[in-house]
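J.: Sequence first, then the predicted structure, then my questions.
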Amino acid sequence: MKRNRRAKILATLGPASSEEAMIRKLHEAGADTFRINMSHADHDLMRELVRRIRSVEEAVGRPIGILADLQGPKLRVGKFAEGKVDLTAGQTFVLDDDETPGDATRVYLPHPEILSAVEPGHRLLIDDGRLQLVVTKTDGRRVETKVVAGNRISDRKGVSLPDTLLSSGALTEKDRRDLDAVLAEGVDWVALSFIQRPEDLSEARKIARGRAALMSKIEKPQAVERLDDIIELSDAIMVARGDLGVEMPLEAVPGIQKRMVRLARKAGKPVVVATQMLESMITAPVPTRAEVSDVSIAVFEGADAVMLSAESAAGDYPVEAVETMSRIAVQVEKDPLYPSIISASRPLAEATGADAVSLAARQMAETLSVAAIVTYTSTGTTGLRTSRERPLLPIVALSPVLGTARRLALVWGLHCVVTEDASDLDEMVDKACRVAVAEGHAHVGERIIVTAGVPLRTPGATNMLRIAYIGSDGISAA
């Protein structure tokens, strides 16, 4: 199945899209990777969704990626004696370690790590920022606050801490159980929620042991401050604009998004833009003009993937949402301004052999007007470096490893094909020609560029570039 766009689509599965027939429709509509939200899926449902995705993959003959999104620490207040209370600006409100049901003066906060970490002047945002508190006094067990913006507060509402760095890690006990379960099912990506610091990836990395790639969701100010270090230790990042827009000024989020995309592209790491991209399509068959512009901006920036959340998981029009997102991406990439925007934001190549070969491949491909770049990639490194260059022609990524092809299904511009490894250089070039023709990316009489690591099957050793002319028999004639 040949896509007519380079940006990828990550679609969330849920009540509206959990059946195998619907998953296939979503894939045919344009979804390249599927997200399973472990906040809502138990282990049995997760296993069944993985089975259905793999069944669709086998039926369509294309590698499909699976991302399991861990819930992360959910910080919530306790319960109230009457279920809810109304607070007013200027009043004092206390959060403490007393499990007694709350009232208009106080409430239980079942998170000792918050009680011990907050300091005077720190903000606490309740219920997605609808209630804003500022700490005035704390003793480690009791936090006294002043209500800045008053509102109603009810049982178990979420707490956000834009100014506080918690000592606890990003993985909860539930996350550890979920991580073991999704790794056992062979998912390709694991998304880590509420990352604050680079060290938050350490435990997940030790548990995963390379069985899945790790994606850091950037949704806290503390993560933005350590963005370079987090990107370095992550396999990919997600611009999780939902919580990021709660804990940071809304007007700052677009600039942060652009910075994240640029930094991830510079590092050669995939970057996903997520949250409310086509939100109105949860209940409407068409998006708003502003939503179309929002998706377009992410594609113009060169993001690897754009994500659908509730639109595909629980909306009334999941297939239409995927089709709409795909059409937007296709149209943007046809825009006369697109090549110059992508070129202007292209990062400088790093001083490595792999980057030098990938840079040369793009430059030669554009100079010679070849049909495609075909890259052999066993671990995925060669595919990632080729994608980093954002060449404006097809990239066919050949891999003998199904897991690698599935993982790269999320990466900008890569058309992934699983194929047996070549025994020598000549067979490798011939196979590249045959696959490029068979997949519809080249024709007899055209030229392609082939990149690989020699000796073959050497991870991360991209050091070979060859121009191949496709002869009448579909294999290299020169």
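T.: Thanks, I have the structure now. Numbering: from 1, shown residues only.

J.: Tell me if Ile66 really is in a strand.
T.: Yes - applying DSSP: H, G, I helix; E, B strand; the rest coil, one finds Ile66 inside a strand.

J.: In stretch 224-240, which residues are buried?
T.: Within stretch 224-240, the residues scored as buried using 16 or more other CB atoms under 10 Å are 224, 226-227, 230-231, 233-240. The way it works is simple: take the backbone N, C-alpha and C, and place the C-beta from them, glycine included.

J.: what's the closest of these to Glu247?
T.: In terms of CB to CB, no member of the buried residues of stretch 224-240 lies closer to Glu247 than Val224, at 9.4 Å.

J.: pLDDT score for Pro254?
T.: On pLDDT, Pro254 comes in at 96.

J.: what does the one 3 residues further on give?
T.: The predicted structure scores Gln257 at 97 on the pLDDT scale.

J.: Tell me which helix or strand the closest residue in space to it that isn't next to it in sequence sits in.
T.: In space, and not counting its chain neighbours, Gln257 is closest to Val239: 5.0 Å by CB to CB, 6 or more residues apart in numbering. Using DSSP states H and E, Val239 sits within strand 236-240.

J.: and for the helix or strand just after that strand, what are the contacting residues?
T.: Downstream of strand 236-240, the first helix or strand assigned by DSSP H and E is helix 241-247. Residues outside helix 241-247 that contact it (CB atoms under 8 Å, 6 or more residues apart in numbering): 125, 128-129, 160-162, 194, 218-221, 224, 253, 256-257, 273-276.

J.: My guess is the residue nearest to Gln257 contacts Met215. True?
T.: No - if you go by CB atoms under 8 Å, Val239 and Met215 don't touch, sitting 11.0 Å apart.

J.: one step back: of the contacts of helix 241-247, buried ones?
T.: 125, 129, 160-162, 194, 218-221, 224, 253, 256-257, 273-275.

J.: Just the ones of those residues in helices?
T.: Judged by DSSP state H, the buried ones among the contacts of helix 241-247 include Pro221, Val224, Val253, Ile256, Gln257 as members of helices.

J.: For Gln363, pull up the helix or strand it's in.
T.: helix 353-368.

J.: ok, and what's touching that helix?
T.: The contact list for helix 353-368 (CB under 8 Å, 6+ apart) reads 349, 370, 372-373, 375, 381-382, 385-386, 388-393, 447, 449, 451, 460-465, 467.

J.: what are the C-alpha coordinates of that helix, in CSV please?
T.: The C-alpha trace of helix 353-368 is given here as CSV (Å, rounded to 0.1, in the frame of the first residue of the first chain):
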residue,chain,number,x,y,z
GLY,A,353,30.1,8.5,8.2
ALA,A,354,26.3,7.6,8.3
ASP,A,355,25.3,11.3,8.2
ALA,A,356,27.8,12.0,5.4
VAL,A,357,26.4,9.2,3.3
SER,A,358,22.8,10.2,4.0
LEU,A,359,23.6,13.8,3.1
ALA,A,360,25.4,12.8,-0.1
ALA,A,361,22.4,10.5,-1.0
ARG,A,362,20.0,13.4,-0.8
GLN,A,363,22.1,15.8,-2.7
MET,A,364,22.9,13.4,-5.4
ALA,A,365,19.3,12.3,-5.7
GLU,A,366,18.1,15.9,-6.1
THR,A,367,20.9,16.7,-8.5
LEU,A,368,20.4,13.7,-10.7
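
J.: Now that helix: average pLDDT?
T.: The model assigns helix 353-368 a mean pLDDT of 92.

J.: next structured bit after it?
T.: Heading C-terminal from helix 353-368, the first helix or strand you meet, by DSSP H and E, is strand 372-376.

J.: name the helices or strands packed onto that following strand?
T.: Under the contact criterion of 3 or more CB pairs under 8 Å, 6 or more residues apart in numbering; DSSP states H and E, strand 372-376 touches helix 353-368, helix 381-388, strand 395-399, helix 425-438, strand 447-453.

J.: Compute the inter-axis angle for it and helix 353-368.
T.: 160 degrees (axes from the mean of the first three to the mean of the last three CA atoms, to 10 degrees).

J.: Just the CA atoms of strand 372-376, as CSV, please.
T.: This file holds the C-alpha atoms of strand 372-376, laid out as CSV (Å, rounded to 0.1, in the frame of the first residue of the first chain):
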residue,chain,number,x,y,z
ALA,A,372,14.0,7.0,-5.2
ILE,A,373,16.5,6.4,-2.4
VAL,A,374,16.5,2.7,-1.3
THR,A,375,18.2,2.1,2.0
TYR,A,376,19.1,-1.2,3.7
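
J.: In its sheet, which strands sit next to that strand, and in what direction?
T.: strand 395-399 (parallel), strand 447-453 (parallel) (DSSP bridges).

J.: Report the angle between it and helix 425-438.
T.: With the same axes, to 10 degrees applied, the angle from strand 372-376 to helix 425-438 works out at 130 degrees.

J.: tell me the domain ranges of this protein?
T.: For the chain, the structural domains run 8-72+170-337, 84-160, 353-469, going by automatic domain parsing.

J.: Any idea which of these gets closest to Ser343?
T.: Ser343 lies closest, by CB to CB, to one member of those: domain 353-469, at 7.9 Å.

J.: how far out from the middle of the chain is the closest one?
T.: 23 Å (CA atoms, centre = their mean, to the nearest Å).

J.: That one spans what distance, first to last residue?
T.: With CA to CA, to the nearest Å as the measure, domain 353-469 spans 25 Å from end to end.

J.: just to revisit the earlier point, got a markdown table for the domains of the chain, with distance to Ala344 too?
T.: Shown next, in a markdown table, are the domains of the chain (distance: least, CB to CB, whole Å):
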| stretch | distance to Ala344 |
| --- | --- |
| domain 8-72+170-337 | 10 |
| domain 84-160 | 35 |
| domain 353-469 | 11 |
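
J.: Mind telling me which of these the model trusts least?
T.: domain 353-469 (a mean of 92).

J.: hey, what's in contact with both of Val239 and Met215?
T.: Common contacts of Val239 and Met215 (CB under 8 Å, 6+ apart): Val272.

J.: what about the strands in the stretch 151-300 of the chain?
T.: 152-154, 159-160, 189-192, 213-218, 236-240, 271-274 (DSSP state E, counting those that start in this stretch).
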